[in-house]
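Asks: Got a predicted structure here, sequence first:
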Amino acid sequence: EAQVTQNPRYLITVTGKKLTVTCSQNMNHEYMSWYRQDPGLGLRQIYYSMNVEVTDKGDVPEGYKVSRKEKRNFPLILESPSPNQTSLYFCASSASDRGSYEQYFGPGTRLTVT
Amino acid sequence: KNQVEQSPQSLIILEGKNCTLQCNYTVSPFSNLRWYKQDTGRGPVSLTIMTFSENTKSNGRYTATLDADTKQSSLHITASQLSDSASYICVVSEWGGYNKLIFGAGTRLAVHP
């Protein structure tokens, strides 16, 4: 089954404790991205990747890092989480960033930073 | 500034009734417009994608319209079901170096029996 998986689905952590949220897709997609979703706001892009070893900042990259060492994986790293990073995070992938290619979203990771 | 605005913010309807959700955008240059359905606690799932030349597209009981001149879109849901209770998100793609997606805040629909 074609899918995007994220782990963990739920995470409660404390300020400053480094964490990684994993994202994996099994569709051989080139394009992957991370979003955060906060109440009353649309999804906002954190980082995106056009292909292996090619990443770039989205609209809200501060406090986050990413890497794309393999085509299928695109982990999101919070080196020193802060309470304002409490949010619902989605990973997404598509065959291309161009045209009308479908974007597939993962199930989400709900992060709480205390 | 490129923006996508949706109305209403929330809506309650009775099962079996129809409803229409609105989306206005200021994104330019325009590439395409998508409607997603997001169930509570789940990732968004695509309903329709429309390019500049398309003015209507259906997916079962969901029908999206696009007026590229007025920069407006609507999503019409026919004969609503309890399972239609979800948030509906309008997303406009900006044509450029890469296909940047700009998301609306969504309309939260509740279908009551």
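Replies: Arrived safely.

Asks: Name the next helix or strand downstream of the worst-scoring helix or strand of chain B on mean pLDDT, please.
Replies: When the helices and strands of chain B are compared on mean pLDDT, DSSP states H and E, strand B:100-103 comes out lowest with a mean of 87. Helices and strands here follow DSSP states H and E; after strand B:100-103, the next one along the chain is strand B:107-112.

Asks: Could you list the low-pLDDT ranges of chain B?
Replies: Judged against pLDDT under 70, the low-scoring parts of chain B cover residues B:97-99.

Asks: residues from it in reach of chain A?
Replies: Proximity of chain B to chain A is confined to B:4, B:31-32, B:34, B:41-46, B:49, B:51, B:89, B:98-106 under the rule Cβ under 8 Å from any Cβ of the partner chain. Backbone N, C-alpha and C define where each C-beta goes, glycine included.

Asks: of those, buried ones?
Replies: For these, a neighbour count by 16 or more other Cβ atoms under 10 Å in any protein chain shown gives the buried set as B:4, B:31-32, B:34, B:43-44, B:46, B:49, B:89, B:98-106.

Asks: how about the residue nearest to the spatial centre of chain A, what does it touch?
Replies: The centre of chain A sits closest to residue A:34, judged by Cα atoms, centre = their mean, with a distance of 2.8 Å. With contact set as Cβ atoms under 8 Å, 6 or more residues apart in numbering or on different chains, residue A:34 has these partners: A:23, A:45-48, A:58, A:64, A:66, A:74, A:76, A:89-92.

Asks: how about the nearest residue to residue A:77 once chain neighbours are set aside, what does it touch?
Replies: For residue A:77, ignoring the flanking residues on the chain, the nearest one in space by Cβ to Cβ, 6 or more residues apart in numbering or on different chains is residue A:65 at 4.2 Å. Contact criterion Cβ under 8 Å, 6+ apart gives A:47, A:76-79 as the residues in contact with residue A:65.

Asks: Roughly how far does residue A:65 sit from chain B?
Replies: Residue A:65 is 20 Å from chain B, where distance means Cβ to the nearest Cβ, to the nearest Å.

Asks: what residues does chain A put near chain B?
Replies: Chain A comes close to chain B at residues A:4, A:35, A:40-45, A:48, A:50, A:90, A:92, A:96-103, A:105-108, A:110, as judged by Cβ under 8 Å from any Cβ.

Asks: 6 Å - rerun?
Replies: Near chain B, the residues belonging to chain A are A:40-43, A:90, A:97-98, A:100, A:102, A:105-108 when assessed by Cβ under 6 Å from any Cβ of the partner chain.

Asks: What pLDDT is listed against the residue nearest to the residue nearest to the centre of chain A when sequence neighbours are not counted?
Replies: Closest residue to residue A:34 apart from its sequence neighbours, by Cβ to Cβ, 6+ apart: residue A:46 at 4.3 Å. Among the per-residue scores, residue A:46 holds a pLDDT of 96.
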